[in-house]
Structure formats: structure tokens, C-alpha cells
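Chemist: following is a predicted model, sequence given first.
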Amino acid sequence: SGTLYIVATPIGNLDDASPRLKTVLSRVDAIACEDTRHSGRFLQHLGIQKPLLSLHEHNEDQRLPALLGRLQGGESLALISDAGTPLLSDPGYPLVRAAVAAGIPLSPIPGPNAAIAALSVSGLPPEPFRFLGFPPRQGGARRKWFQTLAKVPDTLLFYESIHRLGATLADLAEAMGGERPAMVGRELTKRHEQLRHGSLDSLAEWAATASEAKKGEAVIVVGGWSGAPSEEASLDVDALLKALDAELP
Ligand code: SAM
């Protein structure tokens, strides 16, 4: 069968499209993409004309049999998303999982990813890190979710819609402590790229007041919990002993 290429595309700056990306996209039989209009413009910029197959979160399961059928019939396909690396808060995981199960050859064409780009300039420990995608949209659910992450020692990476950036930073400060070091990477690779390093409190304040914080796209990087790991462990042991106590005769 043909090969399924998972191809990362630019997150703003079109010069980040690698020569290898261009070679692969010009050789495949068809390109699966999230938004055929958006990807059509990108491919036109590269001078590439290919059949485009739409694959987004609402039709991915439906489209799987046809895509797998093409691959099994010997066609090679590329998967791209609107920006960055497919699958990471973007469509593609069901397709890749099914391709692996069907023994279809896969090949990654690596490139931009907003979370990793932000991590690389955050000044926060690069490993271990935890990529969490988008927080829940609804305030109550989001605050609960952040509480469950408050004692994770890993550096935390989030995507967020610019409309919720201020509210989310305020919720993070409340759940994790306003002193916690963090970074917002806004408009990465674009003309108005901005990196804001600071405490969660200072970033929440900036997001609430600065006009630029309401425009563009942003990634949030938060330093991991730095309390003594033994503290958490002993709390767990306490809880366990109590639970046992209640159970035992
Ligand atoms: N798959 C993509 C990737 O590899 O980066 C991410 C797709 S996700 C639907 C879109 C989110 O990524 C945005 O809401 C924002 O949080 C982040 N993002 C994408 N491009 C960005 C950029 N140029 N600067 C900052 N954040 C960006």
C-alpha cells in the first residue's frame, strides 16, 4: 500500500515550510486537510496543485474507510492541518491509529509546533513537560481541571483561544498560585511575535489590560509544581491509612 505522510506546516511564517515538505506534498497523490480553502491557499503559495480531501473533527470517522481504501489501493497521501503539526489539538489521530492497525506505512515530515516553539524560549525546565492542549472552555470546569494539575511537577503547555487568555491566566493563578513562573508566547513566527515571561499574577494582569493580549494566537507555558515531592506522597499515605482504618475491623 501507499504511504501516509503526516506533514507539519507553518504556524504563521510561510518560510518555515521546508524543502522536504514541498517535495513530499508535490509527490503524493492527494492531500487530506482540515479546511480545503485554507490549505488551498497555502498550496497555491507553494505552487502545488493536488486533490484535497477534507478531514476535520466532525467528519473524520466517516472519512476513514475511504482514506484507508486509497492507501491500501496504493495511493500515497499527506495529512496536513491548518497550522503546525497534525494530531496536536488537530485532526488526524483516528486516521493514524487506523493506519497503524492496518499495517499501512507512515512517515512523519516534522516541522513547526506552537507548543514546542513556546517551550524552547520559555526559560522553564524543558523536561519533563506535559502537553495538555486546550483547557475546558467553561470557567467552572476549567478551574477544577487546573486544580487537578496544580501539583504536577512537569512544565505544563496549553493552547488557548485569545478570547479566553485573560480568564484562563487568572484561573491558573488562582489554582496554582500567582507566584508561579510562566510564559505566554503570542503570534509566534509572525510579524508581531511577543514573548511575555513572568509570574502567573503578572501575566493575568497583562492579559486583562494590554490591548495586544486580545489579538492573535497564544500558547501558555507554566512552570511545574516545585513543592517537595515527599509532601504530596505523605498526604497520599495519610489518606490511604485513613481509608484502610475505616475498612478494617
Ligand atoms: N497543531 C497546531 C500546532 O502544532 O501548533 C496547533 C493547532 S490548535 C487548533 C491552535 C492553537 O495553537 C491556537 O489556539 C494557539 O493556542 C496555538 N498557536 C497556533 N499558532 C500559534 C502561533 N503562531 N503563536 C502562538 N500560538 C499559536
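Modeler: Ah, there it is.
Chemist: for the ligand, see how far away the nearest residue to residue 177 once chain neighbours are set aside is.
Modeler: Leaving aside its sequence neighbours, residue 177 sits nearest to residue 200 (C-beta to C-beta, 6 or more residues apart in numbering; 7.1 Å). All C-beta atoms are positioned from the backbone trio N, CA, C, and that covers glycine. From residue 200 across to the ligand, the span is 17 Å (C-beta to the nearest ligand atom, to the nearest Å).
Chemist: per-residue pLDDT of residue 200, please?
Modeler: Note for residue 200: predicted pLDDT of 98.
Chemist: got it, and the one 3 residues further on?
Modeler: We note a pLDDT of 98 for residue 203 in this prediction.
Chemist: can you say which helix or strand has it in it?
Modeler: Residue 203 belongs to helix 200-209 when elements are defined using DSSP states H and E.
Chemist: show me what contacts the residue nearest to residue 177?
Modeler: Listed by C-beta atoms under 8 Å, 6 or more residues apart in numbering, the contact partners of residue 200 are 169, 172-173, 176-180, 182, 222.
Chemist: pull out the buried members of the residues you listed.
Modeler: By neighbour count, with 16 or more other C-beta atoms under 10 Å, the contacts of residue 200 hold 169, 172-173, 176, 180, 182, 222 as buried.
Chemist: hmm, back to that, hmm, the very next helix or strand once past the helix holding residue 203 touching the ligand?
Modeler: Going down the chain from helix 200-209, the next helix or strand is strand 218-222, by DSSP H and E. Yes: judged by C-beta under 6 Å from any ligand atom, strand 218-222 comes into contact with the ligand at 218-219.
Chemist: give me the helices and strands touching strand 218-222, please.
Modeler: The contact analysis (3 or more C-beta pairs under 8 Å, 6 or more residues apart in numbering; DSSP states H and E) places strand 218-222 against helix 114-120, strand 155-160, helix 165-176, strand 181-186.
Chemist: rebuild these as JSON lines, extending it with distance to the ligand.
Modeler: What follows is the helices and strands packed on strand 218-222, written out as JSON lines (distance: least, C-beta to the nearest ligand atom, whole Å):
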{"stretch": "helix 114-120", "distance to the ligand": "3"}
{"stretch": "strand 155-160", "distance to the ligand": "3"}
{"stretch": "helix 165-176", "distance to the ligand": "9"}
{"stretch": "strand 181-186", "distance to the ligand": "5"}
